[in-house]
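Engineer: Here you go, sequence then predicted model.
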Amino acid sequence: MLSERTELTGLFLEKPESVVAITGIKTLLKLQIVGIKKQPSLKTRCVCVFFNTGKDVTFVVKVDSTNLTRKPTMKWLKGKWMDLGSKAGKHIQLKESYDRNTKIYTYEMKIVKVVPGDAGGYRCEVSAKDKCDSCTFEITGQADILSTFKRAGAGEDEGELDFSALLKAKPEPELEIDVWELLKNAHPSEYEKIAFQYGITDLRGMLKRLKKMKAVEPKISEAFLRRLESAYSVNKGKKIVLSVEVTDPNAEIKWLKNGQEIKPSAKYIMESDGNIRTLTINKCSLADDAAYECVVGTDKCFTEVFVKEPPITITKLLDDYQVVVGERVEFEIEVSEEGAHVIWMFEDQELSRDDKSSKYRFKKDGKRHCLIIQEATTEDSGMYFVYTNGGQSKGELIVEEKELEVLQSIADLTVKSSEQAMFKCEVSDEKVTGKWFKDGKEVQASKRIKISHIGRFHRLTIDDVKPEDAGDYTFIPDGYAISLSAKLNFLDPPKIHLDVAGNLVSQNTIIVVAGNKLRLDVEITGEPAPTVCWMKGDKPVTDAEGRVRVENRKDLSSLVIEGAEREDEGNYTITVTNPAGEDKANLFIKIVDVPDPPENVKCTGVGEDCATIIWEPPKFDGGAPLKGYLMERKKKGSSRWTKLNFDAYENTTYEAKRMIEGILYEIRVFAVNGIGISAPSLNSKPFMPIAPTSEPTKLIVDDVTDTTCSLKWLAPERIGAGGLDGYIIEFCKEGETEWHPANTDLIERQSYVVRNLPTGEKMDFRVVAVNMAGRSPPALLGQPVTVREIMALESTKYIKKVGEKINLVIPFQGKPRPVATWLKDGQPVDEKKVGIRNSNIDSILFIRSAEREHSGKYTLSLKIENMEDSANIDIRIVDKPGPPTQVHVTDVWGFNAALDKQSPYKEKDMTCAPKFTAPLVDRSVTIGYSTAISCAVRGFPKPKIIWMKNKMIIDDNPKFLMQNNQGVLTLNIRKPSTFDSGKYSCKAVNELGEDEVECKLEIRGNIQFIVLNAVLQ
């Protein structure tokens, strides 16, 4: 239901009359406002409308502006102060129009598809300057009882439910009945019957709605003829009069505010005039915004007073500011009232006065309000807003990076001889320093030239000006990309001003490309106008037409050369004269061209895919320095040239790469200078790239005696088109640099025995492959080899006599350096009895004089981080046998006796089954990189070694190389692929038993392994 009431302000033409109308689907509420006594007034009619939820409702207000000086302002409010103008959109639509003939403004508010949430109290306020009026209305949703409470499933076209058949009543046409009126007038005992008769099944909901309707039924009052209106509105500081009309003129009444009785005072004035009782509230404040009651006996009437603050308007709006970083910014406004509350915002963020760390300061002085930013930054750029309850303003702040501002630039000066010249400029920052330049060169202070800097002013003072002081002067502030320039003109003698920018390579040389046009404009000053004379060498240039000519105009003389030729090169002189003196300028005009081609291009050396090319520079460089050379190559017989470089190459020796071995090539060279590229040189003689092989692979020591060393290796991985002619084996002593060949003729086999070596020396060996292109890089052993008989690792028994010297040298390999430890019978060796010396490549055990107590099992243990290997040696010190012990006669017969005795000692049994002392370790290597897996075994007799992959025996596959060095077993795998991944195992077998170890090889990462050699001496 929609209901509307106007405030009692004395501005209405007539009071609202209640009218009830059923409109159906769409509801239109019209409020007319006309101007009376220069006050905007609402002429209203109260309308009670029933409508269905989900339909549209429209409110129309008309304002007569005949007596108004300005356009009225209309506000639609919900509740006390919710402005619906900010909610306008799809659901709430606001519209206004104006009729120029009747001078009536029409305002509409349309609520589209009303929902229960739209229920509540509403107000519309109209104001024009200091005149205002308002009215209130409510929206209460009330649906049709039959559609609300009838059975589910009944459609709109089915009409009312007819239970006449059930009641056995005669079907008679009935008039349309207001069911709510029927229920309100019926006794409660009749409710169920009425609901059943009209098809209402939700009896409980119906009773709740009926109870609510009865609760809001207006109570008929006998004490009041006219009650208080439902609400009043008054501006802050104004007065308001509440008036009622009572039945009894002698009746006593009480006025209450929020339930408390009001006592008469200067603020609250209570008056009685016949049946009229009034309460006047003077100078209303926000505290007077309350609920008021008028009590007559036991009867009461109620109202609510709304006190509105007068809108605070902004009389002086915000200005826009554009400042530089560090400057102070002060936004300022003025409002219509002192003490007004304002809100400052930056973009969409409110600026708080409570934030102590804020950069913003707020200042209030009467009607003046200020927002201050002490030192602005670029982050402060943006829109700033200020709001009051009656207006708003905005201003934009642009903060730019601080730039140096030139407050006063230097000016051109014209002085005579011996006068003073002073250049002066002023910049915005007094801390800025700078430099003065004359014709591009820095000016240095002297007795005659003074440079000063005072505050923001910079001065250059020249006393006793001389002709050489004339020129262009420039001041450049330090740290800024700006310059201030001016010219110092000297009056007396004539002056030549050459401007050859772009052509001048030195103070008096001009470069001209052959075939180009030269126009040399020379500015001439002097009073009176000087006479000009051009000379080339000793000959004057006087022609005004032709290929080489002179053109003269006021203050300008030009030397023109069309299509420059080599004979135009030479010294030129321009002379200007007038009665005050003479000036002369000497120029050298140089004609430049592209250089001649390089000469004598030839190949001096070749490689597998490269060649070394040399050439001679061109005889004539074109008159400009050479920047370098460009090279091209082609296959012999082909016409297609390929560029070898794109940037100029400065040297005359070049290594051409990425050629195909065995193919004939030719090369040509171009010279490059600043003018261009020369013609190509003559082609070089054909040459063929060819290279030595790569180094031999897998160089190992196969055997060592006291005077020989047997070496084995594999062929180079890359042989190339040059083939392989043979090998050279070389050796040298450790620490020396001179290598000695072991063979005079090339050998083709891949093994060799180096003979006549000094016993006990440590020797280095290397093997070189040779073909028609020369020697390959050498293949080297990892460490020197000691020329001494090597005992097999299985020969672990070492026998010496008492008193003899023992010297065991155990070489080993490993990176980083292994930690070597000697044990005897499982305990650390007593270094007081046995000498130990460890180096990077071997460990020595030394006993000067052997004793029986030196006998035992010696173990050398090598350890690198978590990897370990060991070698065992049984040392036995023997002597002549001692006398038998425990001799006794076991039997006697005749002349014979049987004796029993104990031997002095017992021979130790050295035989044992195979046992791996170092297992195989899982590996992960990169595809294509050769690797090896290693383990160590001991056993006597010497065991047979079997290598297997995935339990399959590895035969003579050239991809695998199996080695047994003193019990250290190594399986080398050349350039493994993913197919070489798997489980590898090594089995050792002799007549006493067997042992086996295995590991997993994954082709992905790097492998490190250690190979330990044990050599007994």
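Structural biologist: Arrived safely.
Engineer: Now do C610 against P689, distance only.
Structural biologist: 6 Å (CB to CB, to the nearest Å). Every C-beta, even on glycine, is put in place using the N, C-alpha and C of the backbone.
Engineer: intersection of neighbour lists for the two?
Structural biologist: Common contacts of C610 and P689 (CB atoms under 8 Å, 6 or more residues apart in numbering): M659.
Engineer: higher neighbour count, the two?
Structural biologist: More crowded of C610 and P689, by other CB atoms under 10 Å: P689, with 24 against 16.
Engineer: Quick one: residues contacting that one.
Structural biologist: Here P689 is in contact with 606-611, 659-663, 665 (CB under 8 Å, 6+ apart).
Engineer: Buried only: go through those residues for me.
Structural biologist: Among the contacts of P689, those scoring as buried are 606-611, 659, 661, 665 (criterion: 16 or more other CB atoms under 10 Å).
Engineer: What is the nearest of the residues you listed to K431?
Structural biologist: C610 (61.9 Å; CB to CB).
Engineer: Near the nearest residue to the closest one once chain neighbours are set aside, how many other residues are there?
Structural biologist: Nearest residue to C610, sequence neighbours excluded (CB to CB, 6 or more residues apart in numbering): K657, at 4.6 Å. Counted with other CB under 10 Å, residues neighbouring K657 total 12.
Engineer: ditto for Y191
Structural biologist: Y191: 16 neighbours (other CB under 10 Å).
Engineer: Quick check: phi and psi at it.
Structural biologist: phi -60, psi -50 (degrees, to the nearest 10).
Engineer: pLDDT score assigned to it?
Structural biologist: Looking at Y191, its pLDDT reads 72.
Engineer: again, but for the one 4 residues further on
Structural biologist: At A195, the predicted lDDT confidence score is 71.
Engineer: Figure out the helix or strand that it lives in.
Structural biologist: A195 belongs to helix 191-197 when assigned by DSSP states H and E.
Engineer: Please give me every residue in contact with the residue nearest to the spatial centre of the chain.
Structural biologist: Geometric centre of the chain, nearest residue: E379, 20.8 Å, by CA atoms, centre = their mean. Counting by CB under 8 Å, 6+ apart, E379 touches V399.
Engineer: In three-state terms, how would it be classified?
Structural biologist: helix (DSSP: H, G, I helix; E, B strand; the rest coil).
Engineer: before we move on, back to that, which one of the contacts of P689 is nearest Y984?
Structural biologist: Comparing the contacts of P689 against Y984 with CB to CB places E608 closest, at 35.8 Å.
Engineer: Low-confidence ranges, the stretch 151-300 of the chain, go.
Structural biologist: Per-residue confidence for the stretch 151-300 of the chain (pLDDT under 70) gives these ranges: 151-181, 184, 189, 196-206, 208-221.
Engineer: swap the cut-off to 50 and go again
Structural biologist: 151-175, 215-217 (pLDDT under 50).
Engineer: Break down it into its strands, ranges please.
Structural biologist: Using DSSP state E, counting those that start in this stretch, the strands of the stretch 151-300 of the chain run over 224-226, 231-235, 240-246, 254-257, 260-261, 268-273, 276-281, 291-296, 299-308.
Engineer: So G546, which state does it fall into?
Structural biologist: G546 falls in the coil class when you classify it by three-state DSSP.
Engineer: Can you give me the neighbour number for G237?
Structural biologist: G237 - counted by other CB under 10 Å - has 12 other residues nearby.
Engineer: Tell me how far it lies from G339.
Structural biologist: Taken as CB to CB, the span from G237 to G339 is 13 Å.
Engineer: And for L242?
Structural biologist: According to CB to CB, L242 and G339 sit 29 Å apart.
Engineer: got it, and E271?
Structural biologist: From E271 to G339 the distance is 33 Å (CB to CB).
Engineer: more neighbours, the two?
Structural biologist: In this view E271 and G339 are compared by other CB under 10 Å, and E271 has more residues nearby, 12 against 9.
Engineer: Contact partners for that one?
Structural biologist: With CB under 8 Å, 6+ apart, E271 has these contacts: 277-278, 280.
Engineer: at 7 Å instead, please
Structural biologist: T278 (CB atoms under 7 Å, 6 or more residues apart in numbering).
Engineer: can you list the weak-confidence ranges in the stretch 701-850 of the chain?
Structural biologist: In the stretch 701-850 of the chain, residues with pLDDT under 50: 791-795.
Engineer: Let me see the ranges of the strands in it.
Structural biologist: So, for the stretch 701-850 of the chain - with DSSP E, counting those that start in this stretch - the strands run 709-714, 726-733, 740-741, 751-754, 762-771, 774-775, 779-780, 785-786, 797-801, 806-811, 819-824, 827-828, 835-838, 842-847.
Engineer: The first one: which residues count as buried?
Structural biologist: The neighbour-count criterion (16+ other CB under 10 Å) identifies 709, 711-714 as the buried residues of strand 709-714.
Engineer: Spell out which strands sit alongside that strand in the sheet and which way each one runs.
Structural biologist: strand 697-704 (antiparallel), strand 751-754 (antiparallel) (DSSP bridges).
Engineer: Could I have the CA atoms of that strand written out in CSV?
Structural biologist: What follows is strand 709-714, C-alpha atoms only, in CSV (Å, rounded to 0.1, in the frame of the first residue of the first chain):
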residue,chain,number,x,y,z
CYS,A,709,107.7,-50.1,-21.1
SER,A,710,105.0,-51.6,-23.4
LEU,A,711,102.3,-49.2,-24.6
LYS,A,712,98.9,-49.8,-26.3
TRP,A,713,96.4,-47.3,-27.8
LEU,A,714,93.5,-47.1,-30.1
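Engineer: who does the nearest residue in space to D825 that is not next to it in sequence bridge with?
Structural biologist: Nearest non-adjacent residue to D825, counting by CB to CB, 6+ apart: G856, 4.8 Å away. Note on G856: beta-bridge partners by DSSP bridges are I875.
Engineer: What are the neighbouring residues in contact with G856?
Structural biologist: 824-825, 875.
Engineer: 10 Å instead?
Structural biologist: By CB atoms under 10 Å, 6 or more residues apart in numbering, the residues touching G856 are 823-827, 829, 873-877.
Engineer: what's around I847, how many residues?
Structural biologist: Neighbour number of I847 under other CB under 10 Å is 18.
Engineer: Check the gap between it and N872 for me.
Structural biologist: 17 Å.
Engineer: same question, L630
Structural biologist: 71 Å.
Engineer: Name the residue in these two with the higher neighbour count.
Structural biologist: More neighbours surround L630 than the other of L630 and N872, with 19 against 16 (other CB under 10 Å).
Engineer: Check the more buried one and give its pLDDT.
Structural biologist: So, for L630, pLDDT stands at 94.
Engineer: show me what contacts V829?
Structural biologist: Contacts of V829 by CB under 10 Å, 6+ apart are 821-823, 835-836, 845, 856, 858-860.
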